[in-house]
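S.K.: this one's structure only:
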């Protein structure tokens with residue numbers, strides 16, 4: 001079972017509440033345990049998974065373990081436009097309640113603070129991203145509601161104005177978003193009854209939401225679309241592709257123990273190219289120059305050279321079983 005399926009399954013089982021609001025939180029790093037710098041090497045990546053929030057060097061060595069609260073696990077790290085802060089979701093499952101918040105921390109471990117706090121149990125946030133202007137924080141929200149006596153999930157993409165603290169629900173039935181380099185467009189996973197359908201696109205204000213792919217290919221499952229930091233293309237992790245005209249692309253079906261793949265799509269959605277087989281769902285992370293894509297899987301940190309499709313394992317660590325990775329700008 002993939003990393004994302006495990007997390008979503010936990011949230012779906014626990015999702016019984018609804019409603020949330022944002023509020024600026026106090027700095028929480030001052031009263032927490034000291035960070036543990038393990039190396040003086042420059043930080044190249046930030047990795048989030050249930051084992052913690054880690055800063056890694058270019059070879060995958062752990063530079064820093066960020067101090068997150070106990071009984072919680074981080075996910076979805078993203079770098080702020082100034083390159084000095086990381087935002088991430090932090091899910092709490094324990095005596096302090098069930099749900100998640102969105103936090104920010106400086107790369108050196110200082111100044112950890114809450115940006116969005118859930119107001120009650122079983123409200124979950126994911127995929128935080130700050131737009132290139134630094135003004136808006138986008139994120140996915142999932143909450144449990146009871147409809148006609150049945151527990152269902154209420155999903156959507158929201159936006160927080162970091163200057164005014166105004167919060168807006170932009171797109172319903174949406175999750176797992178990415179923002180274009182110019183900050184004008186979103187690509188996200190469109191959901192049907194809480195399950196991933198396909199990728200959609202919309203303007204940054206949520207208007208004109210529509211399917212992203214111009215071709216008719218379908219997927220059993222897909223996740224983690226990521227805009228390239230230059231040019232105009234999107235990478236995503238997918239499984240069980242059915243190519244236009246029928247049949248399976250490459251003769252493979254995927255997901256849940258059968259190989260998943262990384263796909264590359266131009267911003268007009270006109271074609272879908274397979275660029276790597278990854279065995280399981282991964283979170284792709286673009287290099288700052290958009291020539292490579294990194295991901296973690298099965299104990300390894302890998303890089304894929306987009307032009308040649310060459311995959312190289314650059315590090316090995318127990319933390320690399322799965323997780324969300326971001327490559328620093």
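M.R.: Structure's in. What do you need? For clarity, every value in this text was computed on a predicted model and none was experimentally measured.
S.K.: residue 320: what secondary structure?
M.R.: Here residue 320 is helix, with the state taken from DSSP: H, G, I helix; E, B strand; the rest coil.
S.K.: skipping its backbone neighbours, what lies nearest it in space?
M.R.: Spatially, and ignoring its direct neighbours in sequence, residue 320 is nearest to residue 296 (4.3 Å; C-beta to C-beta, 6 or more residues apart in numbering). Heads up, the C-betas are built off the backbone N, CA and C, glycines and all.
S.K.: state the pLDDT value of the one you found.
M.R.: In this model, residue 296 is scored at 95, pLDDT.
S.K.: now residue 319
M.R.: pLDDT at residue 319 comes out at 80.
S.K.: burial count for the residue nearest to residue 52 when sequence neighbours are not counted?
M.R.: In this structure, residue 52 finds its nearest non-sequential neighbour in residue 65, 5.7 Å apart by C-beta to C-beta, 6+ apart. When counting by other C-beta atoms under 10 Å, one arrives at 18 neighbours for residue 65.
S.K.: again with residue 193
M.R.: Neighbouring residues of residue 193 were enumerated by other C-beta under 10 Å; the total is 9.
S.K.: what sits against it?
M.R.: residue 152 (C-beta atoms under 8 Å, 6 or more residues apart in numbering).
S.K.: return the set of buried residues in stretch 142-150.
M.R.: By 16 or more other C-beta atoms under 10 Å, the buried positions in stretch 142-150 come out as 142, 143, 144.
S.K.: and for stretch 263-274?
M.R.: 263, 264, 265, 267, 269, 272.
S.K.: and these, which two are furthest apart?
M.R.: The span of these, defined through C-beta to C-beta, is set by 263 and 267 at 13.8 Å.
S.K.: tell me which element the residue nearest to residue 52 falls in.
M.R.: strand 62-66 (DSSP states H and E).
S.K.: Provide the strand pairings for that strand, with the direction of each partner.
M.R.: Using DSSP bridges, the strands paired with strand 62-66 are strand 36-37 (antiparallel), strand 52-56 (antiparallel).
S.K.: I'd like the average pLDDT over the longest one.
M.R.: Looking back up the chat, that one is strand 52-56. For strand 52-56, the mean confidence score works out to 94.
S.K.: how far does that strand sit from its chain's centre?
M.R.: 15 Å (C-alpha atoms, centre = their mean, to the nearest Å).
S.K.: residues making contact with it?
M.R.: Identification of contacts with strand 52-56 by C-beta under 8 Å, 6+ apart yields 43-48, 62-66, 68, 73-74, 77, 86, 88, 105, 107, 301, 315, 319.
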